[in-house]
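Peer 1: Here you go, sequence then predicted model.
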Amino acid sequence: MSYEQAVLALEKDWQTNARWRNIQRTYTARDVVRLRGSIQIQHTLAELGAKRLWNLLKNEKFVRSLGAMSGNQAVEMVAAGLQAIYVSGWQVAGDANDSLQMYPDQSLYSVSSVPTLIKRINNALQRADQIHHMDALNAHHSVQDGANGNAAPSVPYWFAPLVADAEAGFGGTLNVFELVKAMIEAGAAGVHLEDQVSALKKCGHMGGKVLVGVHEFIPKLNAARLAADVMGVPTILIARTDAEGAHLMHTINDPVDEKFMTGERTVEGYYHVRGGIELAIAKGRAYAPYADLVWCETNKPDLGEAREFAQGIHEKFPGKWLAYNCSPSFNWKKHLDEKTMLTFQEKLGELGYKFQFVTLAGFHTLNASMFELAHTYNLEGMLAYSRLQEKEFEMEFEYGYKAVKHQSFVGAGYFDEVQTALTGEAVSTKAMEGSTEEEQFRVEAPEHVIN
């Protein structure tokens with residue numbers, strides 16, 4: 001395909017493909033084709049994930065997601081039925097970063113860290129897919145050969161789309177461009193950016209946040225979109241505003257921001273602004289043409305406030321998809337009763353919040369479960385661990401939980417098959433044959449179920 005043909009094809013796609021309806025770009029198809037190079041490299045996981053995520057958002061009432069800190073956590077999420085995985089910058093800062101440090105959520109970690117976690121998660125999902133694809137085929141052939149056994153087990157779609165945190169971009173537009181490219185190379189389906197000053201970035205539930213002006217954030221959104229276009233991936237782009245809980249702004253150079261000035265400055269020179277839902281709506285409206293979803297970070301779970309933001313965006317952009325952080329920073333029981341919590345996400349979905357996620361689910365489950373085990377183990381020894389194991393057996397029997405058989409879960413049987421393919425069926429060094437797991441971990445009803 002010639003340069004002109006490639007430009008015309010891309011222009012036609014932007015004009016006619018429903019995927020790009022109401023999406024604006026500040027650059028041209030010629031810019032994209034010129035920057036792609038002579039070879040268009042395929043990024044299969046990112047492309048499949050982005051297309052799947054877009055279809056889920058389009059066809060489902062809403063998509064639930066939890067934040068994963070490791071590949072194993074992501075595998076368990078998919079096994080339990082979740083259709084998308086969230087990759088949290090907070091969790092990366094707190095533990096899962098390339099800097100090998102524990103940081104607060106202030107963009108202190110190495111910029112390569114989120115792409116590394118994305119790759120780690122996708123590698124784990126790929127291994128789970130390989131194992132279960134192999135097991136399904138083996139069960140199918142076993143039945144065909146007349147051997148005893150059940151029908152081939154159902155295999156979930158393991159390659160759940162990953163939505164990843166690009167923070168405030170770790171710098172300017174060029175930093176955003178390179179970061180989003182790295183995320184796509186690692187297999188991200190979606191990314192989000194927030195409208196804070198990169199050098200001062202804070203968790204949305206911290207104080208001291210400094211917003212950037214509209215004129216500074218929109219180029220970052222376009223840098224992210226340009227990166228995706230250059231990579232040839234229809235990445236889902238989420239624009240987040242922290243304006244609801246922020247009261248400082250770096251620059252005032254746009255009418256959207258000027259209306260919220262107080263006229264005061266800090267000792268550092270930052271502008272005081274009237275933060276709140278009205279500023280969040282104003283900024284969300286400014287970002288909406290350049291993003292697939294708009295997200296307003298909030299300080300508590302409040303359907304009234306969520307409705308106000310949704311109506312404010314939809315008044316100007318009817319049907320615009322929204323995202324909602326069901327944050328662990330909220331004391332949920334303090335704000336909502338159990339009955340309201342049961343329907344909270346459904347009601348958000350009715351307002352247009354299509355992607356809903358618990359950012360720090362991995363962090364809190366990891367810490368709470370380990371502390372509980374360590375505490376009881378310190379008091380009761382192996383009885384405490386056996387109690388955990390019995391819970392795993394129960395989940396295996398009732399829900400199909402697999403990790404209790406830890407050897408096979410991580411692929412010991414898969415690599416036995418690799419060895420068989422290389423050596424032949426007579427191979428005598430298979431890891432699973434004669435293993436204690438194979439002999440002792442039989443799927444059967446737990447004692448309390450039998451009785």
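Peer 2: Good, I have the coordinates. Numbers count the residues shown, from 1 in each chain.

Peer 1: so what are the domain limits for the protein?
Peer 2: What automatic domain parsing lists as the domains of the chain is 23-364, 384-450.

Peer 1: List the contacts of the residue lying closest to Ser88 once chain neighbours are set aside.
Peer 2: With sequence-adjacent residues excluded and distances taken as CB to CB, 6 or more residues apart in numbering, Ser88 is closest to Gly67, at 4.0 Å. (Each C-beta comes from the backbone N, C-alpha and C, glycine too.) Residues near Gly67 by CB atoms under 8 Å, 6 or more residues apart in numbering: 86-88, 90-91, 357-363.

Peer 1: looking at the domains of the chain, which has the lowest confidence?
Peer 2: The minimum mean pLDDT among the domains of the chain belongs to domain 384-450 (a mean of 83).

Peer 1: phi, psi of the residue nearest the centre of the chain?
Peer 2: In the chain, the centroid-proximal residue (CA atoms, centre = their mean) is Tyr86; its distance is 1.9 Å. Dihedral pair for Tyr86: phi -100, psi 140, per degrees, to the nearest 10.

Peer 1: Can you give me every residue that contacts it?
Peer 2: By CB under 8 Å, 6+ apart, Tyr86 lies in contact with 65-68, 162-164, 357-359.

Peer 1: Nearest to Pro301 among these?
Peer 2: For the contacts of Tyr86, the residue nearest Pro301 by CB to CB is Val358; the value is 11.4 Å.

Peer 1: How about the contacts made by the closest residue in space to Glu297 that isn't next to it in sequence?
Peer 2: Leaving out its chain neighbours, the residue that sits closest to Glu297 by CB to CB, 6+ apart is Gly204, at 3.6 Å. Contacts for Gly204 (CB under 8 Å, 6+ apart) come out as 194, 240, 242, 245, 297, 325, 327.

Peer 1: please redo it, this time with the cut-off set to 10 Å
Peer 2: 90, 105, 194, 196, 240-242, 244-246, 295-299, 325, 327, 329, 359 (CB atoms under 10 Å, 6 or more residues apart in numbering).

Peer 1: now Ala291
Peer 2: Taking CB under 10 Å, 6+ apart as the criterion, Ala291 is in contact with 23-24, 192-193, 218, 221, 224-225, 236-240, 284, 320-321, 323.

Peer 1: again, only this time at 6 Å
Peer 2: Contacts for Ala291 were tallied using CB atoms under 6 Å, 6 or more residues apart in numbering; they are 221, 237, 239.

Peer 1: just checking, the second one is part of a strand?
Peer 2: Yes - judged by DSSP: H, G, I helix; E, B strand; the rest coil, Leu237 forms part of a strand.

Peer 1: For it, the count of nearby residues, please.
Peer 2: 24 (other CB atoms under 10 Å).

Peer 1: The first one now?
Peer 2: Using other CB under 10 Å, Leu221 has 25 other residues around it.

Peer 1: any idea which of the contacts of Gly67 is closest to Leu179?
Peer 2: Nearest to Leu179, judged by CB to CB, of the contacts of Gly67 is Val87 at 12.8 Å.

Peer 1: re the thing from before, could you pull up phi and psi at the residue nearest to Glu297?
Peer 2: Note on Gly204: its backbone torsions stand at phi -60, psi -20 [degrees, to the nearest 10].

Peer 1: So it versus Arg21, what's the distance?
Peer 2: From Gly204 across to Arg21, the span is 29 Å (CB to CB, to the nearest Å).

Peer 1: State the next helix or strand along the chain beyond the helix ranked longest in the chain.
Peer 2: Assignment by DSSP state H gives helix 113-144 as the longest helix of the chain. Once helix 113-144 ends, the next helix or strand along the chain (criterion: DSSP states H and E) is strand 162-165.

Peer 1: Go through the contacts of Gly204 and flag which are in helices.
Peer 2: Of the contacts of Gly204, the ones assigned to helices by DSSP H are Trp90.

Peer 1: List only buried entries from the contacts of Gly204.
Peer 2: Burial of these was assessed by neighbour count (16 or more other CB atoms under 10 Å); the buried members are 90, 105, 194, 196, 240-242, 244-246, 295-298, 325, 327, 329, 359.

Peer 1: just so I have it, where are all the strands in the stretch 201-350 of the chain?
Peer 2: All strands of the stretch 201-350 of the chain, identified by DSSP state E, counting those that start in this stretch, fall at 210-211, 236-241, 248-249, 261-265, 271-273, 293-296, 321-325.

Peer 1: Ok, which of those comes nearest Phe309?
Peer 2: strand 293-296 (4.8 Å).

Peer 1: Residues in contact with that closest one: which ones?
Peer 2: 238-241, 244, 280, 284, 288, 309, 313, 321-323.

Peer 1: need these in a markdown table with distance to Lys339, can you?
Peer 2: Output for those, formatted as a markdown table (distance: CB to CB, whole Å):
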| residue | distance to Lys339 |
| --- | --- |
| Ile238 | 30 |
| Ala239 | 33 |
| Arg240 | 30 |
| Thr241 | 31 |
| Glu244 | 26 |
| Ala280 | 28 |
| Gly284 | 30 |
| Ala288 | 33 |
| Phe309 | 24 |
| Ile313 | 28 |
| Trp321 | 27 |
| Leu322 | 24 |
| Ala323 | 25 |
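
Peer 1: ok, these vs Leu125, which is closest?
Peer 2: Proximity of those to Leu125 (CB to CB) peaks at Ile238, which lies at 21.2 Å.

Peer 1: what are the bridge partners for the closest one, then?
Peer 2: Counting by DSSP bridges, Ile238 forms beta bridges with His192, Leu293.

Peer 1: unless I'm mixing things up, it is touching Glu194, no?
Peer 2: No - counting by CB atoms under 6 Å, Ile238 sits too far from Glu194 to count as a contact (9.4 Å).

Peer 1: okay, now the nearest residue to Asn122 once chain neighbours are set aside: neighbour count?
Peer 2: Closest residue to Asn122 apart from its sequence neighbours, by CB to CB, 6+ apart: Gly187 at 4.1 Å. Using other CB under 10 Å, Gly187 is surrounded by 27 other residues.
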